[in-house]
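Trainee: here are the coordinates; sequence isn't available:
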């Protein structure tokens, strides 16, 4: 009888260690994925002042847009919450897209090598950021699922594991695209 109790205790200990290790792995994956997003956001934020300066030199009538881009960049640099940062970055992404479209109204800007180079770099950063967001949200989903599942939630709660915050999507990205027949 004593051996059975020892066997059960050892089995529970091994089971707890296995769950703990999986939770640590998932938490580390979320942290690594957030680091990837942070790298891409830093690259974007480093490009913004250069892009603003180039556009400012050619498109003096876009002062309001340039000021808003600068304000959003500052807000993004001081925000820690992934969901709030996602909202700010979505707004910044829209304004940066508007800056890139300005080249159509300003032929001198369109001909600028600096603007072309910065535009290409920004497009590359946006693509990398999209991949990083997708990976991060997948890692958060996996962690949150495990933290909520029974019996893993018991070990998770005892050892202080909690759900991670998703990187928020733009509301226009959440809406389904209408694919019905045109009227």
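Mentor: Noted; the coordinates are in hand. As the structure is a prediction and not an experimental result, all values here were calculated from the model. Numbers count the residues shown, from 1 in each chain.

Trainee: make sure residue 72 is actually in contact with residue 93.
Mentor: No - applying CB atoms under 8 Å as the test, residue 72 and residue 93 come out as separate, 9.4 Å apart. Any C-beta I mention is one placed from the backbone N, CA and C, and that applies to glycine too.

Trainee: so between those two, which is more surrounded?
Mentor: Shown here are residue 72 and residue 93; by other CB atoms under 10 Å, residue 72 has more neighbours (21 against 17).

Trainee: what sits closest to that one if chain neighbours are left out?
Mentor: residue 92 (4.3 Å; CB to CB, 6 or more residues apart in numbering).

Trainee: residue ranges with poor pLDDT in this protein?
Mentor: 169-183 (pLDDT under 70).

Trainee: in it, where's the longest helix?
Mentor: Longest helix in the chain, counting residues (DSSP state H): helix 2-58.

Trainee: so how far is the helix or strand following that helix from its chain's centroid?
Mentor: Reading on from helix 2-58 to the C-terminus, the next helix or strand found by DSSP states H and E is helix 63-77. Centre-to-centre, helix 63-77 and its host chain are 19 Å apart (CA atoms, centre = their mean, to the nearest Å).

Trainee: mind listing residues that contact the next helix or strand after helix 63-77?
Mentor: Using DSSP H and E, the next helix or strand after helix 63-77 towards the C-terminus is helix 82-101. For helix 82-101, contacts defined as CB atoms under 8 Å, 6 or more residues apart in numbering pick out 34, 41, 44, 48, 51-52, 55, 62, 65-66, 68-69, 72-73, 75-76, 79, 119, 122, 126, 133, 136, 164-170.

Trainee: got the angle for helix 82-101 vs helix 2-58?
Mentor: Angle between the axes of helix 82-101 and helix 2-58 is 30 degrees (criterion: axes from the mean of the first three to the mean of the last three CA atoms, to 10 degrees).

Trainee: just checking, what packs against the following helix or strand past helix 82-101?
Mentor: Next along the chain after helix 82-101, taking DSSP H and E as the criterion, comes helix 107-111. If contacts are counted by 3 or more CB pairs under 8 Å, 6 or more residues apart in numbering; DSSP states H and E, helix 107-111 sits against helix 2-58.
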